[in-house]
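A.B. asks: sequence first, then the predicted structure, then my questions.
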Amino acid sequence: MPESRSFKDLSITFAKNPITNDLMVVKDFVAIKKSVENLLTTYPGERFFNPNIGSRVTQLLFEPIDFINATSIREEIEYTINAFEPRVLLNSVNVDPNYDDDGYDVEIDYSIVGLPEKTDNITLFLERTRV
């Protein structure tokens, strides 16, 4: 069993701590949850010096909404998390088409490495958007 540890990441807002004037950090569950969400919304090639990081999930959202594409999205989420987030042991990923809201309901259950018996989940609604 890996030893228990704590995780810290910089906040994506780059806000300053009002007391120390350092950049704000997010810790443990929040840090990992934000990291997973960022991985799923990052296109491959978008990060400088590490073009392999990212997923095709946002590209798959422009395919027809059905169970076949839901399976492709689930497989892409599983691959991305297993390949790029070593702090997480994936338990399950459920992707269901939501025809009424024109998107997918996603639930990701995972365990955190190094924190004994700590599980968490992320619930997302994925929809196609254009920027």
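C.D. replies: Received the coordinates, thanks. Residues are numbered from 1 along each chain as shown.
A.B. asks: look at residue 75 and give its secondary structure.
C.D. replies: Three-state assignment for residue 75 (DSSP: H, G, I helix; E, B strand; the rest coil): helix.
A.B. asks: so what's it up against?
C.D. replies: Residue 75 sits next to no residue when contact means CB atoms under 8 Å, 6 or more residues apart in numbering. (C-beta placed from N, C-alpha, C; glycine too.)
A.B. asks: how about a cut-off of 10 Å?
C.D. replies: Counting by CB atoms under 10 Å, 6 or more residues apart in numbering, residue 75 touches 60, 93, 95.
A.B. asks: how near is the last one to residue 121?
C.D. replies: From residue 95 across to residue 121, the span is 14 Å (CB to CB, to the nearest Å).
A.B. asks: repeat that for the second one.
C.D. replies: Distance check for residue 93 against residue 121: by CB to CB, it reads 10 Å.
A.B. asks: re the thing from before, out of residue 95 and residue 121, which sits in the more crowded spot?
C.D. replies: residue 95 (25 against 12; other CB atoms under 10 Å).
A.B. asks: need the pLDDT of the more buried one.
C.D. replies: The per-residue pLDDT reported for residue 95 equals 97.
A.B. asks: so how many other residues sit close to the residue nearest to residue 108 when sequence neighbours are not counted?
C.D. replies: What sits nearest to residue 108 in space, not counting adjacent residues and going by CB to CB, 6 or more residues apart in numbering, is residue 122, at 4.5 Å. Residues lying near residue 122 (other CB under 10 Å) number 18.
A.B. asks: what's the helix or strand for the residue most central in space within the chain?
C.D. replies: Of all residues in the chain, the one closest to the mean position by CA atoms, centre = their mean is residue 36, 2.2 Å from it. Counting by DSSP states H and E, the element that carries residue 36 is helix 28-41.
A.B. asks: and the next element down the chain from that helix?
C.D. replies: Scanning onward from helix 28-41 (DSSP H and E), the first element met is helix 57-60.
A.B. asks: so which elements touch that following helix?
C.D. replies: Packing partners of helix 57-60 (3 or more CB pairs under 10 Å, 6 or more residues apart in numbering; DSSP states H and E): helix 28-41, helix 67-84, strand 103-112, strand 119-127.
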